[in-house]
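Peer 1: the following block contains a protein sequence and its predicted model.
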Amino acid sequence: MKLIPTKVRTPRTTNDDALGQGMDAALTIALFFGIGFALDRWLGTTPWLMIVFTLLAAVGFFAKFKYRYDARMAEHEAELAKRRSQSRRSDAPAASTEGASRRSEAETRFGTAAPAGASPAASTAGASRRSEAETRFGTAAPAGASPAASSKGTSS
């Protein structure tokens, strides 16, 4: 029988505790207020040192929070950029071989390369449309134009 726990819990030592940061800011500002109040009473400059010390503590904490936030965001953006570059590296070989097989299939079937990203079915439709326009009107129709549109352009 073991009375000593086998799993030892590690203490939480992160600075991400919002309640702790809020209490730290409030207590520090209150401490600076107290120091300013005491110095004012001792020197006879009643509200001035209290205001200066309180503002000094508040501005210091806001600057600390901003710099901590900027550092955390820079760390997060670096991690995000690292993930994106890793996903691009893993996706790149699959995409390039897929595109090469599509182009080679289009070249084999029609003798010309299909536009980048076009499916073989799209390139066959374009090839049949061009050949139909050439046989009916003697000239090639613009890409994507109907035979009726190309006949209107030649008659005027």
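Peer 2: Yes, it's here. Numbering: from 1, shown residues only.

Peer 1: pretty sure Leu56 contacts Phe32?
Peer 2: Yes. Using Cβ atoms under 8 Å, Leu56 is in contact with Phe32, at 6.4 Å. The C-beta positions use only the backbone N, C-alpha and C, and glycine is treated the same way.

Peer 1: host element of Ala58?
Peer 2: helix 48-110 (DSSP states H and E).

Peer 1: neighbour count: Leu56 and Phe32, which is higher?
Peer 2: Applying other Cβ atoms under 10 Å to Leu56 and Phe32 shows that Phe32 carries more neighbours, namely 20 against 14.

Peer 1: how much space between that one and Leu80?
Peer 2: Phe32 sits 38 Å away from Leu80, going by Cβ to Cβ, to the nearest Å.

Peer 1: ok, now Gln86?
Peer 2: 11 Å.

Peer 1: now do Phe32, the pLDDT please.
Peer 2: Phe32 carries a pLDDT score of 97 in this model.

Peer 1: what's the answer for Phe61, then?
Peer 2: pLDDT, Phe61: 94.

Peer 1: one more: Thr139?
Peer 2: Predicted confidence (pLDDT) for Thr139: 59.

Peer 1: tell me, how many residues neighbour the closest residue to Ile29 other than its chain neighbours?
Peer 2: Leaving out its chain neighbours, the residue that sits closest to Ile29 by Cβ to Cβ, 6 or more residues apart in numbering is Ala57, at 4.5 Å. By the criterion of other Cβ under 10 Å, Ala57 has 19 neighbours.

Peer 1: and if you look at Ser85?
Peer 2: 10.

Peer 1: against Glu77, how distant is it?
Peer 2: Counting by Cβ to Cβ - Ser85 and Glu77 are separated by 13 Å.

Peer 1: and Asp24, by the same measure?
Peer 2: In terms of Cβ to Cβ, Asp24 sits 26 Å off from Glu77.

Peer 1: of these two, who's got more company?
Peer 2: Asp24 (14 against 10).
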